[in-house]
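Asker: structure, please.
(3 chains)
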Amino acid sequence: MDYYTFSKYGLQVRELDIRHTVESAQPLTFYADYDLGKGLLSYVGGNGQVNANFTGTSKNCAVRFDSRGLSAARKDFVERFRLKDDMADIYENIATDDFMRSAIKNYRGMRITLNDPWETTLCFIVSQYNNVKRIRLIIKRFVKEFGSDVVDSNGKVVGKSFPTSERLTEFSEADFRRCGAGFRAKYIAKAAECCTNNIDLYKLRKNDYDGLKENLMTISGVGDKVADCIALMGYGKMEAFPIDVWVKRTLEKVYFKGKDKKIGYLHKFAEDRFGAYSGQAQQYIFWQGRNL
DNA sequence: ACCCAGGCGGGCG
DNA sequence: CGCCCGCATGGG
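Answerer: Below you'll find the model as predicted:
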């Protein structure tokens, strides 16, 4: 059973809570413009500018796009918000206990977004030892400073595209520091160079999860946690389970009486418990844990 | 003022 | 290998 159908000016969607999805710290939402009070979200997708207008509830919402470029916007949106996912099956498989059931109840409709691999890489390099608000600030500065103009059919500038790795090789560590990247500026300069001249992130799409993660971790500034975030939100590897401070803290509190557990142990715990849907489970644990 | 943030690389034992 | 430390910066 599909979770979306085409409507005249957009889509009719079930199980999509745009607020929780946008607010739960995912790459798209680090630089998209939105006014959730008015149900507005706009971003530059793979098929150009998308302006979406939401009405309804998380159980059943209507999404309306500009009539111009409607089919491209629909296509982009379906991929971006993973509307083909079988949410009933996902909920059923990750609702393993009271804590998970409660998290799902609180944030039902929160989706994992699928983003461009390089965008995701840059966003999560910036995310390390940082907070969500400041990640957004820095990423927005990168788009503003280094992105190129996106124009509509009349030549009018409607937004800025996310800067490619190649584009960033035209700039230096000092330029990235000026955007507030701090000590991560060095990682970014190296990563941009690496992803332009050594690794083709788009060819890594053919890898399975293990091979992908191994390749990603050769990039400067990409360790275990960031690699899992990129695998999950940049490549759609739903079995990835990123463990940040919040997820670690929450797992230990809920399942291990607050006792310290090693990252490797927690990865195995998640794999056994959530399996192929670990990534979706992680997003609920992360957001519930942060808001406890 | 002080503390923390979706961690990582490097150095040391 | 595992452990520990420093790290830029802005908001609470």
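Asker: what pairs with the strand or helix carrying A:Thr5, parallel or antiparallel?
Answerer: Under the criterion of DSSP states H and E, A:Thr5 resides in strand A:4-7. In the sheet, strand A:4-7 lines up against strand A:10-14 (antiparallel) (DSSP bridges).
Asker: and the residue of the stretch 101-250 of chain A nearest DNA strand B?
Answerer: Using CB to the nearest atom of the strand, A:Gly223 is the residue of the stretch 101-250 of chain A that sits closest to DNA strand B, at 2.5 Å. Every residue, glycine included, has its C-beta placed from N, CA and C.
Asker: is it true that that residue touches A:Met217?
Answerer: Yes: look at A:Gly223 against A:Met217 with CB atoms under 8 Å: they come within range, at 6.5 Å.
Asker: show me what from the stretch 51-200 of chain A comes close to DNA strand B.
Answerer: Within reach of DNA strand B by CB under 7 Å from any atom of the strand, the stretch 51-200 of chain A has these residues: A:Phe124, A:Ser127, A:Gln128, A:Tyr129, A:Asn130, A:Asn131, A:Val132, A:Lys133, A:Arg134, A:Ile135, A:Phe183, A:Tyr187.
Asker: once you drop chain neighbours, what's closest to the second one?
Answerer: The one in question is A:Ser127. Nearest residue to A:Ser127, sequence neighbours excluded (CB to CB, 6 or more residues apart in numbering): A:Ile135, at 5.1 Å.
Asker: tell me who's in contact with that neighbour.
Answerer: A:Ile135 makes contact with A:Ala25, A:Phe30, A:Cys123, A:Val126, A:Ser127, according to CB atoms under 8 Å, 6 or more residues apart in numbering.
Asker: and the pLDDT for the residue of the stretch 101-250 of chain A closest to DNA strand B?
Answerer: For A:Gly223, the pLDDT comes out at 98.
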